[in-house]
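Peer 1: sequence isn't available, so here's the structure alone:
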């Protein structure tokens with residue numbers, strides 16, 4: 001059908017234009033923010049045009065989700081790079097990918113983001129077996145997290161509300177980041193249980209309910 005063909009061409013032209021414009025920004029994070037804002041706006045326009053946006057709306061929703069995942073990882077790396085590096089390179093040794101539902105099944109929000117999980121590249125898994133994990137290896141990470149996790153979350157919140165024009169979209173992204181942070185931290189605490197003498201750091205651990213409380217707090221923002 002000619003109309004469908006023209007719409008597909010228009011969609012491809014929009015895709016190309018947004019990618020070209022995004023590359024004008026010097027930092028990958030800013031490029032991702034630009035794309036998220038524009039994908040979100042495009043979806044809003046399509047929804048206003050009719051209740052069923054069809055394949056084009058689904059296309060932009062997929063792009064929004066994938067770029068949200070990229071932004072979430074970039075945001076967390078700014079504040080918790082040591083934690084993320086440890087989980088991906090050392091904690092993967094004897095653990096499988098953890099889905100968000102396993103640790104936050106009481107959060108309605110979690111069901112919206114089934115893609116949130118901690119993945120470990122095969123080459124990183126193999127390198128993690130070079131030497132046994134030790135308490136000293138995780139002690140710095142645990143104490144660093146305990147000393148500034150709330151402050152870091154507040155910085156993330158400020159970053160999000162100034163980056164995204166749609167407040168609701170921004171809050172969705174922030175909660176996605178907090179849920180992903182919870183996954184990373186859960187992997188760290190599970191790993192500690194397998195380290196001889198790891199219980200010595202229990203006093204420095206932030207409880208999972210405490211982190212989940214912060215997620216719920218931002219869930220009540222609107």
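Peer 2: Now that the structure is in, tell me what you want to look at. Quantities reported herein were computed from a predicted structural model and do not represent experimental measurements.
Peer 1: distance from the chain centre to stretch 141-154, please.
Peer 2: In terms of Cα atoms, centre = their mean, to the nearest Å, the centre of stretch 141-154 is set 17 Å apart from its chain centre.
Peer 1: can you list the residues that contact that stretch?
Peer 2: Contact with stretch 141-154 is made by 79-80, 82-83, 86, 178, 181, 185, 188, 192, 201, 204-206, 211, 214, as judged by Cβ atoms under 8 Å, 6 or more residues apart in numbering. C-betas here are computed from N, CA, C, even on glycine.
Peer 1: quick check: mean pLDDT of that stretch?
Peer 2: Averaged over stretch 141-154, pLDDT sits at 96.
Peer 1: returning to what we had before: show me the two of the contacts of stretch 141-154 that sit farthest apart.
Peer 2: Pairwise distances across the contacts of stretch 141-154 peak at 22.7 Å for 178 and 201 (criterion: Cβ to Cβ).
Peer 1: which of these two has more neighbours?
Peer 2: Neighbour tally, residue 178 and residue 201, criterion other Cβ atoms under 10 Å: the higher count belongs to residue 178, 25 against 18.
Peer 1: leaving out the residues flanking it, which one is nearest to the more buried one?
Peer 2: What sits nearest to residue 178 in space, not counting adjacent residues and going by Cβ to Cβ, 6 or more residues apart in numbering, is residue 215, at 4.6 Å.
Peer 1: buried set for whichever strand or helix holds the one you found?
Peer 2: Using DSSP states H and E, residue 215 sits in helix 208-219. Residues of helix 208-219 classed as buried by neighbour count (16 or more other Cβ atoms under 10 Å): 211-212, 214-215, 218-219.
Peer 1: just checking, what packs against the helix or strand that contains residue 189?
Peer 2: Using DSSP H and E, residue 189 maps to helix 167-192. If you count contacts as 3 or more Cβ pairs under 8 Å, 6 or more residues apart in numbering; DSSP states H and E, helix 167-192 packs onto helix 28-49, helix 54-89, helix 135-163, helix 208-219.
Peer 1: again, only this time at 6 Å
Peer 2: Packing partners of helix 167-192 (3 or more Cβ pairs under 6 Å, 6 or more residues apart in numbering; DSSP states H and E): helix 54-89, helix 135-163, helix 208-219.
Peer 1: what sits up against the shortest one?
Peer 2: Read that as helix 208-219. Helix 208-219 is contacted by residues 109, 153, 174-175, 178, 182 when judged by Cβ atoms under 6 Å, 6 or more residues apart in numbering.
Peer 1: in stretch 158-172, what's buried?
Peer 2: Quick answer for stretch 158-172 (16+ other Cβ under 10 Å): 159-160, 163-164, 169-172.
Peer 1: from one end of it to the other, what's the distance?
Peer 2: Using Cα to Cα, to the nearest Å, one end of stretch 158-172 lies 14 Å from the other.
Peer 1: any idea how far it is from the middle of the chain?
Peer 2: On the basis of Cα atoms, centre = their mean, stretch 158-172 is displaced by 14 Å from the centre of the chain it belongs to.
Peer 1: contact partners of that stretch?
Peer 2: With Cβ under 6 Å, 6+ apart, stretch 158-172 has contacts from 33, 37, 40, 173-174, 221.
Peer 1: please apply the same query to stretch 21-33.
Peer 2: Counting by Cβ under 6 Å, 6+ apart, 34-35, 67, 70-71, 74, 163 sit against stretch 21-33.
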